[in-house]
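Asks: compute the structure for the input listed below.
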Amino acid sequence: MNPIIVVDYGAGNLTSVFNALSFLNIQAKVSRNPEEIASAEKIIFPGVGAAGSAMQVLTNIGIGEAVSTVVKKGRPVLGICIGCQIILDSSDEDGGVPTLGLLHGKAVRFKDEPGLKIPHMGWNQVIYTKEHPIMKGIPDGSDFYYVHSYHPLVANENAFAETTYGSQTFQCIVGKDNLIATQFHLEKSGSIGLQVLKNFSSWNV
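Replies: Here you go, the predicted model:
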């Protein structure tokens, strides 16, 4: 079996994701080579940071096009955190940034409200709105770990779960066909985060 490619575009947290896969005895490789990424059987598109700088790297090196190629081939792709936002059409971050356009929607900032700290940081409950294979065996209402100020906004048909922060309920698992993404950090979410990665490794579209 070919390794899962963890996409390296300078957005951090790659080692944590790679180590989590290694702990699960899942063969993986970190790469920023566009040709290697484009030919992968499965990729994980993780990261932390800002949309503007991430898109700059993705465009300059050609990684964004490579990720798009994998999606168009119908091969499984998992986005995590900033990877959940970059797959959309645009982000409101950095004054507005066009992103990869692999899933219709945009990343929007939490609205300010009294007593609400932004970024949203820590454990929070994930409520399913529909089933998805990567969440198999994980109870509805499980807690996952978040660090973010922006979140995805897509059509309801492309949302699989939501979380509430303050008075705001936002989509936290989005996707379509062979593309799926979580706003929460799988690599920081303990045993249930590992289970999602394990489910993704065996997911055949």
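Asks: tell me the SS of residue 147?
Replies: Classification of residue 147 using DSSP: H, G, I helix; E, B strand; the rest coil returns strand.
Asks: same deal with residue 187?
Replies: helix.
Asks: how much space separates it from residue 146?
Replies: 13 Å (Cβ to Cβ, to the nearest Å). In short, each C-beta sits where N, CA and C put it, glycine included.
Asks: what ranges does the chain have for its helices?
Replies: 14-23, 34-38, 51-61, 63-72, 82-86, 190-201 (DSSP state H).
Asks: any stretches of this protein with poor pLDDT?
Replies: In the prediction, the chain carries no residues with pLDDT under 70.
Asks: could you point out the longest strand of it?
Replies: Taking DSSP state E as the criterion, the chain has its longest strand at strand 168-176.
Asks: any chance of the helices of the chain in TSV, plus mean neighbour count?
Replies: Converted to TSV, the helices of the chain look like this (neighbours: other Cβ atoms under 10 Å):
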stretch	mean neighbour count
helix 14-23	17
helix 34-38	18
helix 51-61	18
helix 63-72	20
helix 82-86	29
helix 190-201	18
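Asks: residue 34 against residue 70, yeah?
Replies: No. Contact criterion Cβ atoms under 8 Å: residue 34 and residue 70 do not qualify, at 10.7 Å.
Asks: with just CA atoms, put stretch 25-45 into CSV.
Replies: What follows is stretch 25-45, C-alpha atoms only, in CSV (Å, rounded to 0.1, in the frame of the first residue of the first chain):
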residue,chain,number,x,y,z
ASN,A,25,1.2,1.9,12.1
ILE,A,26,-0.2,3.7,9.1
GLN,A,27,2.4,4.3,6.4
ALA,A,28,2.8,8.0,5.7
LYS,A,29,5.2,10.5,4.2
VAL,A,30,5.5,14.3,4.5
SER,A,31,6.0,15.9,1.1
ARG,A,32,6.0,19.3,-0.5
ASN,A,33,6.8,17.9,-4.0
PRO,A,34,3.9,18.7,-6.3
GLU,A,35,4.4,15.7,-8.5
GLU,A,36,4.5,13.3,-5.5
ILE,A,37,1.4,14.9,-4.1
ALA,A,38,-0.5,14.8,-7.4
SER,A,39,0.2,11.1,-7.8
ALA,A,40,-0.7,10.1,-4.2
GLU,A,41,-3.5,7.6,-3.5
LYS,A,42,-4.6,9.5,-0.4
ILE,A,43,-3.5,12.9,1.1
ILE,A,44,-4.0,14.7,4.4
PHE,A,45,-4.0,18.5,4.1
